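In: Got a predicted model here, sequence first, then my questions.
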Amino acid sequence: MSASTPTSLPGDSRFFTRLGPFPIEELARLADAELVFGAEAPKTLSLRGVAPLQAATRAEVSFLDNRRYLPLLADTQAGAVILSPVFADKLPKHAIGLVSKTPYLAWARIAAHFHPKTPSRPGVHPSAVIDETAKIGADVQISPFVVIGPHAEIEDGVAIDTHAVIGQGVRIGAQSRIGAHVTLTHSLIGSRVTLYPGARIGQDGFGFAVGPQGFETVPQLGRVVIEDDVEIGANVTIDRGSMRDTIIGAGTRIDNLVQIGHNAQLGRCCIVVSQAGISGSTELGDFVTIAAQAGLIGHIKIGDKARIGAQCGVMSDVEAGADVIGSPAMPFREFFRNVAVLRKLAKKPDKSDTE
Amino acid sequence: MSASTPTSLPGDSRFFTRLGPFPIEELARLADAELVFGAEAPKTLSLRGVAPLQAATRAEVSFLDNRRYLPLLADTQAGAVILSPVFADKLPKHAIGLVSKTPYLAWARIAAHFHPKTPSRPGVHPSAVIDETAKIGADVQISPFVVIGPHAEIEDGVAIDTHAVIGQGVRIGAQSRIGAHVTLTHSLIGSRVTLYPGARIGQDGFGFAVGPQGFETVPQLGRVVIEDDVEIGANVTIDRGSMRDTIIGAGTRIDNLVQIGHNAQLGRCCIVVSQAGISGSTELGDFVTIAAQAGLIGHIKIGDKARIGAQCGVMSDVEAGADVIGSPAMPFREFFRNVAVLRKLAKKPDKSDTE
Amino acid sequence: MSASTPTSLPGDSRFFTRLGPFPIEELARLADAELVFGAEAPKTLSLRGVAPLQAATRAEVSFLDNRRYLPLLADTQAGAVILSPVFADKLPKHAIGLVSKTPYLAWARIAAHFHPKTPSRPGVHPSAVIDETAKIGADVQISPFVVIGPHAEIEDGVAIDTHAVIGQGVRIGAQSRIGAHVTLTHSLIGSRVTLYPGARIGQDGFGFAVGPQGFETVPQLGRVVIEDDVEIGANVTIDRGSMRDTIIGAGTRIDNLVQIGHNAQLGRCCIVVSQAGISGSTELGDFVTIAAQAGLIGHIKIGDKARIGAQCGVMSDVEAGADVIGSPAMPFREFFRNVAVLRKLAKKPDKSDTE
């Protein structure tokens, strides 16, 4: 990194709000954590921010969630550390522990306490083009160059970032945030939904029939329904349904550059990691995880809590709770056994040629 | 799905035009289908829309194209059903069959008859920035915040959606539709082409030479040529050629998030499914299919009508008509034989270690 | 290709600047190449452009870098050809050779001499929305509908293309070029950096904890730091760090549709080809190559000059200088040996079943 761009502590004030300082008791309450004091720790402490173990000072809270970082814990100067009960006895003498069975959740809440999300700035920028039949709720932020089509309904507290385009008839639920450069058509969006920049939601699915003169487009007559509390990453593409709706279940999180085909239906609280693809009419249950770059063909069903590994190629139904990987998909254990067997075969002389 | 977002029949009037009702004889003519009457079917019927088998009423046309949905056919309340001759005897007594050897094409045409594409709205939005040297044809739609560069040529009936950017010298053929947020430079676009939102067409290819101070960019001096009737999905990237042109042949359909490298040449009526990638200087014949997430290295040739499977990694030429899959690519049969052999080897005790 | 769109020589004047003609001696100096004259070649030559071997005339310079194109060299009409010393004796009698040990670099420089990059056009378009606290340097180009947030710092000679959005506090170094429709937040950008259209830089990483009511977002409190001379392709997504910064080292080149997760750190002069993905907290040394569609899991280290093959799935650290491919990743030789062994096993009758 060049000299002009030093690494900074988290929460660079050019980019993030900062509140505090906060007394450690307040943080413990907030995170539902138990306070544990090192032998030489102060009885109380005022904290002004969060920082990684290797950068934190006595005025910052830090965090340990992975055994591999135990050496950093031993050397940290952090005044307080969030950690699991199993690591509590490794706390340095000078530090106060915020002990939690869900340390990552505790971390999320404490970090958000110091650095709350930037509030939206209600108001309509004069450059926005808003159809006169659109309904705009209270405290809505409409940024420069936003375009909102006829009969769109924007509920209270929604923030629409620069250049986003909201098509005719689209409904956006309360407190949702629509990122810059998003294209949103033929869609019904729930409350507290976040769409990251460049997401394309609601365009035609990939459907055509073979006609005498070449391909003929099949009309795509469904919608995209995005339920409450969903997050959708940057440059994601979600096609609207052809006959029924494409549905993204409540609480689901979709990472960047994911493709979701027409009529796909995702259940509640699914996780779809970057560059994965879900083909048309495939259905996911609840709490399904699809790792990065995995691909699912169309018209299959993935059961609740199934986990699809990275780069997995799924060609048939997956049972609830199953763990699969490989292309074609197979159980994790089978995949790694195959890898081991093939490695062994390739290493030894090929007896069958000479016997 | 939350209570506020019920599944609707296809063609939600907030998003789609609806024409009709139409008499069944008109639909049969349009689809070149033969009418077949169930034992208790009416002699004629007026239809007001299309719907899936499980949702249609007597006033709707439905559709069967897949044996697996035969149970839905038995139970459907649809007044009319488009289906293949092989399923005609399964038609419920109350229904009229629209029997076609190309049922999906019949479906496409009937659905489009009820719900024609939204016509463009000719006119230039006052916020658009159009260079005075650009030539704009008749009946062109130029939406808010569109930017059109010097000497661009936009032919009759073109629709350019919000925020699209048309670079200097670009030519767009008649009746083409350029989606919202598209970036289009160094390109010649045919007639009746559709670009979906966020497509990036014509930027520099990925070309650089190793110089003494690091990489040096190699000028990319070709263009992108998109022939008539091509469709290009959301957030697709197509780089312009370095020395010759990158060419997308007439009638080809490209799905979302596909990457096409510089100098690649695709023939007529190819299909490239989402997240596939075609590297620089690779050439496809006509009617080639590239399934989702497949990748082709550069400088190879794929013959006419070849089919490349999902997630396939193609490292060498593929003959016309061949079906390949796997990474590296191999014939379909070989791939699945390999999978089966490896599974068997991994399951049994490894005799060769003990013999 | 339809009749209306003929292939042209490189450098179509609608899209590219053209300088020249230039005497061959000037080109030789520029490219640090040695002049070699065919038996019937002129003693000197004035050249007006570049062209591929099969299209060049006596007035153009052409280029050979690959043995497979030797037949084209024999037939070329090019007046001059850039080529490596090993092919110098294959030069046609009429031609002059520009002989270089780095012919591709020579080509890059000569092509750029005829067709220099379009200079930026300093000035601020009146439609741009620029916060009054932003600092704008000298000779900056700000195109239509650009939005620049509070306290952003844009150094001298930067060009910001149409619709790009520069967030609060972002710093962009001198001579950088920000493409159309780019979204850039929470970032510090070096000098001479190029961002291609639709790149999304600086949005939230994919981080959340499991709470009692579903997922809770973990604040993403780092930045994106892009060092000098980096190029980033169209529709790329680079998330900002959660606790430390996401860093792209100087001179690195990233192709289209690549995903880079939060806290990832890339060294100097790395190459990341299209549709590859680098997960959170993974670290690359210098001069690492990641081929197309490869995926790296999080929290691993890739040593200097390592090469990761196309579609490779990397699940653990890779040593400096190693060549890996496959999913899971293994050395190139092992991968191709595995492929060969499996092919052989699948072809022969399975003896173990019958013995």
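Out: Looks like it arrived, so ask away.
In: count of residues packed around A:Val129?
Out: 18 (other C-beta atoms under 10 Å in any protein chain shown). To be clear about C-beta, it is placed using only N, CA and C from the backbone, and glycine gets the same treatment.
In: do A:Ser13 as well
Out: 10.
In: Secondary structure class of it, three-state.
Out: The local conformation at A:Ser13, judged by DSSP: H, G, I helix; E, B strand; the rest coil, is coil.
In: Tell me the predicted confidence for it.
Out: Note on A:Ser13: pLDDT of 92.
In: same deal with A:Thr354?
Out: On pLDDT, A:Thr354 comes in at 40.
In: A:Asp89 in helix, strand or coil?
Out: Following three-state DSSP, we place A:Asp89 in the helix state.
In: That one: neighbouring residues, count only.
Out: 8.
In: what does A:Val341 give?
Out: A:Val341: 17 neighbours (other C-beta under 10 Å).
In: what's the helix or strand it falls within packed up against?
Out: Using DSSP states H and E, A:Val341 falls within helix A:332-347. If you count contacts as 3 or more C-beta pairs under 8 Å, 6 or more residues apart in numbering or on different chains; DSSP states H and E, helix A:332-347 packs onto strand A:323-325, helix B:332-347, helix C:332-347.
In: which of those sits most buried?
Out: strand A:323-325 (a mean of 22; mean count of other C-beta atoms under 10 Å in any protein chain shown).
In: picking that back up, by how many degrees do the helix holding A:Val341 and helix C:332-347 diverge?
Out: 100 degrees (axes from the mean of the first three to the mean of the last three C-alpha atoms, to 10 degrees).
In: about what we covered before: who wins for proximity to B:Pro42 among the helices and strands packed on helix A:332-347?
Out: Checking the helices and strands packed on helix A:332-347 against B:Pro42 by C-beta to C-beta gives helix B:332-347 as the closest, at 47.2 Å.
In: and the closest one, average pLDDT?
Out: 92.
In: before we move on, what about stretch A:264-271?
Out: 98.
In: count of neighbours near the closest residue to A:Thr76 other than its chain neighbours?
Out: Excluding its sequence neighbours, the residue lying closest to A:Thr76 (C-beta to C-beta, 6 or more residues apart in numbering or on different chains) is A:Leu53, at 4.2 Å. Close neighbours of A:Leu53, defined as other C-beta under 10 Å, add up to 21.
In: What of A:Val86?
Out: The number of residues packed near A:Val86 is 10, by other C-beta under 10 Å.
In: A:Leu72 now?
Out: Neighbours of A:Leu72 using other C-beta under 10 Å come to 17.
In: same question, A:Lys135
Out: So A:Lys135, with other C-beta under 10 Å, has 11 neighbours.
In: Next, the contact list for it, please.
Out: A:His151, A:Ala152, A:Glu153, A:Ile154 (C-beta atoms under 8 Å, 6 or more residues apart in numbering or on different chains).
In: swap in A:Thr282?
Out: A:Thr282 touches A:Gly261, A:Ala264, A:Gln265, A:Leu296, A:Ile297, A:Gly298, A:His299, A:Ile300, A:Lys301, A:Ile302, counting by C-beta under 8 Å, 6+ apart.
In: distance of the fifth one from C:Leu45?
Out: When distance is defined by C-beta to C-beta, to the nearest Å, A:Ile297 is 58 Å away from C:Leu45.
In: Identify the residue nearest the closest residue to chain B within the stretch 201-350 of chain A in space, chain neighbours excluded?
Out: Proximity of the stretch 201-350 of chain A to chain B (C-beta to the nearest C-beta) peaks at A:Leu221, 3.6 Å away. Leaving out its chain neighbours, the residue that sits closest to A:Leu221 by C-beta to C-beta, 6+ apart is B:Pro10, at 3.6 Å.
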